[in-house]
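Participant: My questions are about this predicted structure, shown below with the sequence.
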Amino acid sequence: MANSEGSSGPVTHVFRGTFIHSTPETALQVLEDALLGVDTAGKISFIGKGENLLELSQKFGFNPSDVNQLAQHEFFMPGMIDTHIHASQYSYAGTALDMPLLQWLNTYTFPVESHFKDLEFAKKVYTQVVKRTLRNGTTTACYFATIHTDASLLLGQIANDFGQRALVGKVCMDRNNSVKHYRETVQESVDETHRFIKELLNKKYPLVKPVVTPRFAPSCTEALLEQLGTIAKNNNLHIQSHISENIDELKLVKELFPDSETYTDIYHKFNLLTDKTIMAHGCHLSDKELTVFRETGTSLSHCPNSNVSLCSGILDARNVLNHKVKLGLGTDVAGGYSSSILDAVRRTLDASKVLTIQNPQHQTLTFEEVFRLATLGGSQALSLDDQIGNFEIGKDFDALRVNVAARGGPIDLVQCKEPKILLEKFLNLGDDRNIVEVFVAGRKVVPCEDLALE
Ligand code: GUN
Ligand code: FE
């Protein structure tokens with residue numbers, strides 16, 4: 001570990017203790033007795049060794065007595081990244097998991113989402129989901145809202161107010177035969193997408209950005225997909241959607257788009273696969289389609305809770321990684337019932353182990369690899385890895401202060417354990433009681449007075 005330094009403003013916080021993160025080369029890197037400085041812009045200004053405290057304090061102009069020392073069972077890890085979550089569906093999370101995808105959308109999802117025309121209702125649900133995910137350690141969330149522009153703008157405002165980094169998508173859909181009042185015309189969808197982008201960008205929220213959001217191919221006509229591809233391109237924006245989640249969905253896609261050879265081809269044809277595109281699921285993608293993902297820089301969001309809860313399929317995450325496709329984790333609330341990326345970590349390991357049970361040749365993911373997917377992998381999937389994802393000088397300080405032995409928490413420590421074991425315990429057994437502080441761009445967002453969840 002070098003005493004590296006960045007070119008940044010004055011140092012406002014310095015922490016000393018164990019830091020655990022990933023790099024592209026190493027799934028798990030442990031920095032023991034490290035010193036990390038954060039500047040006024042919330043960026044990491046230096047990382048050094050504890051033994052060099054005096055020298056670093058002189059160089060960066062801080063008082064050694066102001067250093068914030070971590071306790072014995074504490075460590076810092078990068079904030080977790082939820083690459084796919086439906087903020088609007090949080091209202092029924094934990095229920096309604098008794099149907100496969102297409103019936104589930106028609107029966108539960110579309111009727112609930114249609115209520116977000118009501119801004120009071122939207123405010124209540126969006127405030128809850130932002131608070132809850134922050135407490136669960138999600139420092140960055142890539143959100144689907146609903147088709148309603150004003151409610152989607154409200155989600156952006158709430159994320160900004162509570163200090164969460166977010167990509168927010170106003171959902172676009174001009175096809176819906178089951179809940180007919182929950183759809184737009186092509187023109188409405190295009191006009192409202194323009195308005196959403198313009199108004200959200202005008203707010204100049206430092207951490208909240210719009211994402212172009214065709215719901216998925218079966219909800220969109222070719223005319224709409226084409227226009228959304230153009231809007232994303234002209235404004236250099238992120239794009240998110242769903243792909244290849246469930247077998248009945250694949251059959252429907254073949255019926256609706258008879259001229260496209262594969263599901264992937266549909267999005268590709270309309271310029272919706274870019275290095276700023278995040279596609280959820282992909283359980284049933286072929287190797288050929290994964291190659292198109294790699295070539296276009298499109299990423300996948302692995303949502304294992306949802307994939308099992310809706311009996312959709314099991315993504316072979318190892319195969320995705322072997323194809324060098326960017327991969328992050330998603331909760332997919334409310335297809336997935338948990339809003340915690342810690343849950344996504346556990347389900348990802350379970351899914352990988354199920355594949356190994358089915359085929360002993362399958363190379364099971366390790367907890368270290370899945371830790372990387374929840375942090376650095378998510379940042380790569382969102383093309384934000386130049387800003388977040390690990391503890392690199394110049395990146396924003398998005399971090400969780402974890403106390404594995406938190407009083408009243410779920411983990412009993414029998415003896416003092418090495419950091420790697422503490423991380424493994426936290427990933428498998430921990431919850432929000434162990435996440436004692438959450439920082440986004442250097443700002444402490446948990447605990448926060450407003451974050452009381454009564
Ligand atoms: N495909 C299209 N819309 C949705 C959604 O809301 N959730 C999930 N899981 N899949 C979808
Ligand atoms: Fe989804």
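Facilitator: Everything's here; your move. Numbering: from 1, shown residues only. Ligands and ions are numbered 1, 2, ... in the order given.

Participant: Point to the residue nearest the middle of the protein.
Facilitator: Asp82 (1.8 Å; Cα atoms, centre = their mean).

Participant: Skipping its backbone neighbours, what lies nearest the residue of the stretch 301-450 of the chain found nearest ligand 1 in space?
Facilitator: Across the stretch 301-450 of the chain, the shortest distance to ligand 1 (Cβ to the nearest ligand atom) belongs to Gly335, at 3.4 Å. Where C-beta positions appear, they are placed from N, C-alpha and C, glycine not excepted. Closest residue to Gly335 apart from its sequence neighbours, by Cβ to Cβ, 6 or more residues apart in numbering: Ser306 at 3.5 Å.

Participant: what's the answer for Asp431, then?
Facilitator: In space, Asp431 is closest to Pro410, 5.6 Å off (Cβ to Cβ, 6+ apart).

Participant: which parts of this protein sit against ligand 2?
Facilitator: 280, 332 (Cβ under 5 Å from the ion).

Participant: if we can go back for a sec, phi, psi for the residue nearest to Asp431 please.
Facilitator: phi -90, psi 0 (degrees, to the nearest 10).

Participant: Now that it has come up, it's in contact with Asp432, right?
Facilitator: No - taking contacts as Cβ atoms under 8 Å, Pro410 lies outside contact range of Asp432: 9.8 Å.

Participant: Please say which of these two ends up with more neighbours.
Facilitator: Ranked by neighbour count (other Cβ atoms under 10 Å), Pro410 and Asp432 place Asp432 first, with 19 against 14.

Participant: Tell me the confidence at the residue lying closest to the more buried one once chain neighbours are set aside?
Facilitator: Computed as Cβ to Cβ, 6+ apart, the closest residue to Asp432 that is not its neighbour in sequence is Arg135, at 4.8 Å. Here, the pLDDT recorded for Arg135 equals 98.

Participant: Relative to ligand 1, how far out is Arg135?
Facilitator: In this view, Arg135 and ligand 1 are 23 Å apart by Cβ to the nearest ligand atom, to the nearest Å.

Participant: Tell me how many other residues surround the residue of the chain found nearest ligand 2.
Facilitator: Residue nearest to ligand 2 within the chain (Cβ to the ion): Asp332, separated by 4.4 Å. Using other Cβ under 10 Å, Asp332 has 31 other residues around it.

Participant: just Arg294 next, same as before
Facilitator: 14.

Participant: for the host helix or strand of it, packing partners?
Facilitator: For Arg294, the element it lies in under DSSP states H and E is helix 287-296. Helix 287-296 is packed against helix 263-269, helix 317-322, with contacts defined by 3 or more Cβ pairs under 8 Å, 6 or more residues apart in numbering; DSSP states H and E.

Participant: Which elements pack onto the longest one?
Facilitator: With contacts defined as 3+ Cβ pairs under 8 Å, 6+ apart, the secondary structure elements packing on helix 263-269 are strand 238-243, helix 247-256, helix 287-296.

Participant: May I see the buried residues of that helix?
Facilitator: Going by neighbour count (16 or more other Cβ atoms under 10 Å), the buried part of helix 263-269 is 263-269.

Participant: Please apply the same query to the last one.
Facilitator: With burial defined by 16+ other Cβ under 10 Å, the residues of helix 317-322 counted as buried are 317-318, 320-321.

Participant: Checking the residue lying closest to His181 once chain neighbours are set aside next. Helix, strand or coil?
Facilitator: Spatially, and ignoring its direct neighbours in sequence, His181 is nearest to Ser114 (6.1 Å; Cβ to Cβ, 6+ apart). Three-state call for Ser114 (DSSP: H, G, I helix; E, B strand; the rest coil): helix.

Participant: Please report how far Ser114 lies from Asn176.
Facilitator: Distance of Ser114 to Asn176, given as Cβ to Cβ, to the nearest Å: 10 Å.

Participant: follow-up on the earlier one: just the C-alphas of the helix holding Arg294, formatted as PDB.
Facilitator: Taking Å, rounded to 0.1, in the frame of the first residue of the first chain, the C-alpha atoms of helix 287-296 are listed here in PDB:
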ATOM      1  CA  ASP A 287     -23.800 -17.300 -25.500                       C
ATOM      2  CA  LYS A 288     -24.200 -15.500 -28.900                       C
ATOM      3  CA  GLU A 289     -26.300 -12.800 -27.200                       C
ATOM      4  CA  LEU A 290     -23.800 -12.500 -24.300                       C
ATOM      5  CA  THR A 291     -21.200 -11.800 -27.000                       C
ATOM      6  CA  VAL A 292     -23.300  -8.900 -28.300                       C
ATOM      7  CA  PHE A 293     -23.500  -7.600 -24.700                       C
ATOM      8  CA  ARG A 294     -19.800  -7.700 -24.400                       C
ATOM      9  CA  GLU A 295     -19.200  -6.000 -27.800                       C
ATOM     10  CA  THR A 296     -21.600  -3.200 -27.000                       C
END
